[in-house]
Structures are given as C-alpha cells and as structure tokens.
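[1] I'd like to go over a predicted model; first the sequence, then the structure.
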Amino acid sequence: IGLEIKQEILIGELSSVRKALLPIIAACGGLIVPVLFYFLGCHSAPEVRGVAIPVGTDIAFALAVLGLLGKRVPLSMRIFLTALAVVDDIGGIIIIALFYSGEIAFEPLLISLALLALINVGGRVRGNNIAFYYIIGFFGWMIFLESGIHSTIEGGPVGFLGPARAGVQLGD
C-alpha cells in the first residue's frame, strides 16, 4: 500500500489536487456506504468490531471484476479505480489505526519510528540492497506490534519511505 500511495502521489492520479479530487470523493463514499450497510446487519457487540471488513474488501471486488474484463475496460476507468483503491487503502489504514489499536506503549513506538527514519535515510542515499529494507522493515513491524498500535500501520510508511525507483537489487 505504501508503494502504491507513493507512486500515485509522485506521478499518478493523486499527483495534483485536481486529479485527486474525484478519487478522494469516491473513496469516501466507498468507505462510508459499506460501513452503513454493515451496521444495518451487525450493530451490536462483538459483531460490530468487524466494521473494517467491508472497508477493505469493496475495492478488492471492483479490481477483481476489472481484471476479469481486461482490455474491454477503458484505460481511464482502470486508472480511476487504481487511484480509488489507493485512497480507499489510506482510509482503511486510518480506520485500523483508530479503532483496532490498544493502549499505546511509547518506547516501542519511538524505536519503530527510528527504524522508519533509517529506512528513509537508506532511500535518500540511494541504498540498493533490498535485504536492508526487508530486515529493517521486519524489525520495525515487530517492534511496532509491541507499541499497542495495530501493526499493519507500520507497512504503509515502510513502503512509502523506501526508494521509488527501479534499481533496487537483491543481494547488492
């Protein structure tokens, strides 16, 4: 998700406010409407804790249908749905962070943020060893898990802060 977000912001459909406005509005609808339908059927504990499920799956179904239709779908529709998926993923990450996290432990959170800073430095100095990103990202994820914030939140920044260019090699 982090890599998708970075690509769309740098060169894709989210690179300007004008281009991003429609996917953002559509994604807000894609976040709110499925949740409202979910609440119609599941509005008491413990079922209500599954509210993020439709947020994460609605765009997956749309992309699956798009994949089945292949070349019969106009390029503009594929680009729009990809941008919509990215914005929808950002919303899903925010929902997970807000509603599926526990009590926050600040020491592991600060350590994982330091590891994210290390990944950022690696990307800025054009580090080409993919093992560096995997290892630092993995340990950051493990430590982030101990912070009390849902660990899937760590994956977005790891992808976003890594290099956004071709040339990252295995074993360099």
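    Happy to help now that I have it.

[2] I'd like to know how far the closest residue to Phe132 other than its chain neighbours sits from Gly156.
    Of all residues not flanking Phe132 in the chain, Gly122 sits nearest, at 5.7 Å (CB to CB, 6 or more residues apart in numbering). No exception for glycine: its C-beta is placed from N, CA and C like everyone else's. According to CB to CB, to the nearest Å, Gly122 stands 17 Å off from Gly156.

[3] same check, this time on Ala20
    If you measure Ala20 against Gly156 using CB to CB, the figure is 17 Å.

[4] what do you get for Gly67?
    Relative to Gly156, and taking CB to CB, Gly67 is found at 23 Å.

[5] Of these two, give the one with the bigger neighbour count.
    Gly156 (22 against 10; other CB atoms under 10 Å).

[6] Surely the more buried one and Ile93 touch.
    Yes - taking contacts as CB atoms under 8 Å, Gly156 lies within contact range of Ile93: 5.4 Å.

[7] if we can go back for a sec, helix or strand: which one has the residue nearest to Phe132?
    Element membership for Gly122 (DSSP states H and E) is helix 106-124.

[8] as a whole number, average confidence for that helix?
    Here the mean pLDDT over helix 106-124 is 90, rounded to a whole number.

[9] can you give me how far it is from the chain middle?
    Relative to its parent chain, helix 106-124 has a centroid offset of 18 Å by CA atoms, centre = their mean, to the nearest Å.

[10] got the buried residues for it?
    Residues of helix 106-124 classed as buried: Pro108, Leu109, Ile111, Ser112, Leu113, Leu115, Leu116, Leu118, Ile119, Gly122, Gly123 (neighbour count, 16 or more other CB atoms under 10 Å).

[11] same question, stretch 34-47
    Judged by neighbour count (16+ other CB under 10 Å), stretch 34-47 contains these buried residues: Pro34, Val35, Tyr38.

[12] what's the span of that stretch, first residue to last?
    15 Å (CA to CA, to the nearest Å).

[13] What mean pLDDT does it get?
    Here the mean pLDDT over stretch 34-47 is 83, rounded to a whole number.

[14] what residues does stretch 66-83 touch?
    Residues lying outside stretch 66-83 but in contact with it, judged by CB atoms under 8 Å, 6 or more residues apart in numbering, are 4, 8, 12-14, 19-20, 22-23, 26, 59, 62-63.
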